[in-house]
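>>> sequence and predicted structure are below.
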Amino acid sequence: MQINLSDARKREFTASLKKLFQDEFELELSEFRADDILTLCLQTLCPAVYNQAVQDVRHHLQSKLDDLDGEIYLDG
């Protein structure tokens with residue numbers, strides 16, 4: 001799965017990375033290096049976060065479906 005960011009979002013994230021490296025490590029990142037770090041994060045971290053989110057939603061929906069039996073069942 002490939003995650004595509006809009007140009008504006010990409011600029012926002014690379015600016016955040018540059019600020020983080022400057023503030024925390026006193027390192028100045030070029031736009032190229034910040035873009036490489038962002039690409040690495042998107043390729044390694046995002047699929048795991050996405051998969052976890054899908055599992056969380058699946059679990060939540062399943063619990064709602066399980067509750068539905070008790071809500072609509074009429075003892076007759």
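Cool, got the structure. In this text, all values refer to a predicted model and were calculated from it rather than measured experimentally.
>>> need the residues that contact stretch 51-58.
Applying C-beta atoms under 8 Å, 6 or more residues apart in numbering, stretch 51-58 turns out to have no external contacts. Just so you know, the C-beta spots here come from the backbone N, C-alpha and C atoms, and that holds for glycine as well.
>>> that stretch - what's its average pLDDT?
Mean per-residue pLDDT for stretch 51-58: 96.
>>> in that stretch, what counts as buried?
Residues of stretch 51-58 classed as buried by neighbour count (16 or more other C-beta atoms under 10 Å): none.
>>> from the chain's centroid, how far away is that stretch?
In terms of C-alpha atoms, centre = their mean, to the nearest Å, the centre of stretch 51-58 is set 11 Å apart from its chain centre.
>>> do stretch 50-62 as well
Between the centre of stretch 50-62 and the centre of its chain there are 13 Å (C-alpha atoms, centre = their mean).
>>> in the protein, which spans are helices?
All helices of the chain, identified by DSSP state H, fall at 7-25, 31-44, 46-72.
>>> ok, residues contacting stretch 3-21?
Under the criterion C-beta under 8 Å, 6+ apart, external residues in contact with stretch 3-21 comprise 27, 28, 29, 31, 34, 35, 37, 38, 42, 46, 50.
>>> most widely separated two among those?
Longest distance between any two of the contacts of stretch 3-21 is 31.6 Å, between 28 and 50; criterion C-beta to C-beta.
>>> neighbour count winner among these two?
Shown here are residue 28 and residue 50; by other C-beta atoms under 10 Å, residue 50 has more neighbours (12 against 9).
>>> and the gap between that one and residue 29?
If you measure residue 50 against residue 29 using C-beta to C-beta, to the nearest Å, the figure is 26 Å.
>>> what of residue 60?
Counting by C-beta to C-beta, the gap from residue 60 to residue 29 is 38 Å.
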